[in-house]
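# Let me see the structure of the following:
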Amino acid sequence: MNDDLSEAALNARLTELRQEHADLDAAVQAISLSPLPDMLLVARLKRRKLALKDEIARIEDQLNPDIIA
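Numbering: from 1, shown residues only. Here you go, the predicted structure:
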C-alpha cells in the first residue's frame, strides 16, 4: 500500500482526494438539476465518489491509527 509515503505526502494526497470528491459532488448536483439528467453518468460519478471516500478513509487511518491498549 502507501506505507512508504511520508506524512506530508499522505496529507497532500488527502487534500487532492477531498478536492476531487467535492468536485464530483458539485458535478452530480449540477447534472441532477438539468431537465433530462444523464442517470448513467450520475451513477458513475457516485461510484467514483464512493471509491474516493474509501481511499480518503484509508489514508486518514494511516495518518491517525487507532491505538487500542
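# pLDDT at N64, what is it?
Note for N64: predicted pLDDT of 88.
# Where does the prediction get shaky in the chain?
Residues of the chain meeting the criterion pLDDT under 70: 1-5, 69.
# Repeat the analysis, applying 90 as the threshold.
1-5, 64-69 (pLDDT under 90).
# Give me the residue at the spatial middle of it.
By CA atoms, centre = their mean, the chain has its centre lying nearest to L52, at 2.6 Å.
# Measure how buried the closest residue to that one other than its chain neighbours is and give me the count.
Among residues not flanking L52 along the chain, H21 sits closest, at 4.6 Å (CB to CB, 6 or more residues apart in numbering). Using the backbone N, CA and C atoms, a C-beta is placed for each residue, glycine as well. Neighbours of H21 under the rule other CB atoms under 10 Å: 18.
# so the residue nearest to the centre of the chain is in which element?
Under the criterion of DSSP states H and E, L52 resides in helix 39-63.
# other SSEs contacting that helix?
When contacts are defined as 3 or more CB pairs under 8 Å, 6 or more residues apart in numbering; DSSP states H and E, helix 39-63 sits against helix 7-33.
# Show me which positions of the helix it packs on end up buried.
Residues 10, 14, 17, 21, 24, 28 are the ones in helix 7-33 that count as buried (16 or more other CB atoms under 10 Å).
# now swap in stretch 39-56 and tell me
So for stretch 39-56, counting by 16+ other CB under 10 Å, buried means 45, 49, 52, 55-56.
# Could you export the residues you listed to CSV, including columns for distance to I67?
Below are those laid out as CSV (distance: CB to CB, whole Å):
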residue, distance to I67
L45, 36
K49, 30
L52, 26
E55, 22
I56, 21
